[in-house]
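Enquirer: After the sequence you'll find the predicted model.
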Amino acid sequence: MAIDLKTTVDTGPMSSFQWLAIGICIVLNMIDGFDVLVMAFTAASVSAEWALSGAQIGMLLSAGLFGMAAGSLFIAPWADRIGRRPLILLCLVVSGVGMLLSSMSQSPTQLALLRGLTGLGIGGILASSNVIASEYASKRWRGLAVSLQSTGYALGATLGGLIAVWLLSHWGWRSVFLFGGIVTFAVIPLVLLWLPESLDFLLARRPATALQRINRLAQRMGLPTLSQMPPVVASVAGEGKGFTKLLTPALRRTTLLIWTLFFLVMFGFYFVMSWTPKLLVSAGLSAQQGITGGVLLSVGGIFGAALVGGLASRWPLTRVLSL
């Protein structure tokens, strides 16, 4: 039965295939970390070339984030219809195209629109890859898996920042966007080869080959296969479906609290990460030194996320987050 399969994944030991799936999701987050913060790395150089004001720089820094929000709200939900793996592939193409075209932009307005396009893809990738990593991690290691996702984001920003310094000094800011687009497209074969489809999607939506696909995944995890699809569990009257279920009386308070806390954390995170390199340059440092300052923030994020993940595997996540 599907419930037994899910329970086995939740309570059983982690297989190499499950760790591989989480590893691919971390790589996706690394790409996203670079693609999101590439504007922060290049803001000083772009501003110098086009003589931009602070408001115009703010528009460029915000465009990608607005795109991410739109991608998370309007594109990511399509994963429940077409599958998370196909959506991730589609979003990688969108994000890669946005990055490549950004390297050829001829005005701040063009660049802002292309940053918004890139953000659409990133928003869809982040929402879908986080779900897959969580699904394929057992309960014991789920906190670590989610934290490693954050580590991947910071690691991508760190490595991307170091590469950006070198690219800026040799070929200018356009080469940084070009590099990001090439790397984004290079990840597509990894997703095609090794990223599994969401088990929840296969069990809930039941596409034509659902049973065969579930059994292939079960075999790769070393779990028993199913002889037939499990019966559909009838929903409880008044329970709500999909998004509306989150706002039923039993879940409304928790849902709103999580949304609010996540918004506040992300507000502070993206403000600091996006503006630090530019503000350091405005304070008198060079463009390379400004990027280095942003990279050091990401280095701290790597250790912080790894520490939270390690502690979460031993203590309740609420206590760790409070600390």
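Expert: Received the coordinates, thanks. Numbering: from 1, shown residues only.

Enquirer: Next up, phi/psi of the residue nearest to residue 183 when sequence neighbours are not counted, please.
Expert: The spatial neighbour of residue 183 that comes closest, neighbours along the chain excluded (CB to CB, 6 or more residues apart in numbering), is residue 31 at 6.3 Å. C-beta coordinates here come from the backbone N, C-alpha and C atoms, glycine included. Summarising the backbone geometry of residue 31 under the convention degrees, to the nearest 10, its torsions are phi -60, psi -40.

Enquirer: Can you list the residue ranges for strands in the stretch 101-250 of the chain?
Expert: Counting by DSSP state E, counting those that start in this stretch, the stretch 101-250 of the chain yields no residue ranges for strands.

Enquirer: Show me the shaky parts of it.
Expert: Filtered on pLDDT under 70, the stretch 101-250 of the chain yields the residue ranges 232-242.

Enquirer: separation between residue 293 and residue 46?
Expert: Applying CB to CB, to the nearest Å, the value for residue 293 to residue 46 is 17 Å.

Enquirer: Those two: which has the busier surroundings?
Expert: Between residue 293 and residue 46, counted using other CB atoms under 10 Å, residue 46 has the larger neighbour count: 23 against 16.

Enquirer: which helices and strands does the host helix or strand of that one pack with?
Expert: Taking DSSP states H and E as the criterion, the element that holds residue 46 is helix 16-50. Where contact means 3 or more CB pairs under 8 Å, 6 or more residues apart in numbering; DSSP states H and E, helix 16-50 is packed against helix 54-70, helix 84-102, helix 108-135, helix 139-171, helix 173-194, helix 252-282, helix 287-312.

Enquirer: Identify whichever of those helices lies nearest to residue 207.
Expert: When those are ranked by proximity to residue 207, the top entry is helix 84-102, at 10.7 Å, counting by CB to CB.

Enquirer: Can you dump the C-alpha atoms of the closest one in PDB for me?
Expert: Taking Å, rounded to 0.1, in the frame of the first residue of the first chain, the C-alpha atoms of helix 84-102 are listed here in PDB:
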ATOM      1  CA  ARG A  84       7.600  18.400 -10.100                       C
ATOM      2  CA  ARG A  85      10.400  17.000 -12.200                       C
ATOM      3  CA  PRO A  86       8.900  18.300 -15.500                       C
ATOM      4  CA  LEU A  87       8.300  21.700 -13.900                       C
ATOM      5  CA  ILE A  88      11.900  21.900 -12.700                       C
ATOM      6  CA  LEU A  89      13.100  21.200 -16.200                       C
ATOM      7  CA  LEU A  90      10.900  23.800 -17.700                       C
ATOM      8  CA  CYS A  91      12.000  26.400 -15.000                       C
ATOM      9  CA  LEU A  92      15.600  25.600 -15.700                       C
ATOM     10  CA  VAL A  93      15.100  26.500 -19.300                       C
ATOM     11  CA  VAL A  94      13.300  29.700 -18.400                       C
ATOM     12  CA  SER A  95      16.000  30.700 -15.900                       C
ATOM     13  CA  GLY A  96      18.800  29.800 -18.200                       C
ATOM     14  CA  VAL A  97      17.300  31.800 -21.100                       C
ATOM     15  CA  GLY A  98      16.800  34.800 -18.800                       C
ATOM     16  CA  MET A  99      20.400  34.700 -17.700                       C
ATOM     17  CA  LEU A 100      21.800  34.400 -21.200                       C
ATOM     18  CA  LEU A 101      19.700  37.200 -22.600                       C
ATOM     19  CA  SER A 102      20.600  39.300 -19.600                       C
END
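
Enquirer: Report the angle between that helix and helix 173-194.
Expert: With axes from the mean of the first three to the mean of the last three CA atoms, to 10 degrees defining the directions, helix 84-102 sits at 160 degrees from helix 173-194.

Enquirer: Give the buried residues for helix 84-102.
Expert: Residues 84-85, 87-92, 94-102 are the ones in helix 84-102 that count as buried (16 or more other CB atoms under 10 Å).

Enquirer: go on, stretch 158-165?
Expert: Applying a neighbour-count criterion of 16+ other CB under 10 Å, the buried positions in stretch 158-165 are 158, 160, 161, 163, 164, 165.

Enquirer: which ones are touching the second one?
Expert: The reference is to residue 160. Taking CB atoms under 8 Å, 6 or more residues apart in numbering, we find residue 160 in contact with 33, 34, 37, 38, 41, 180.

Enquirer: which of the buried residues of stretch 158-165 lies closest to residue 125?
Expert: Minimum distance to residue 125 across the buried residues of stretch 158-165 is 15.4 Å, recorded for residue 160 (CB to CB).
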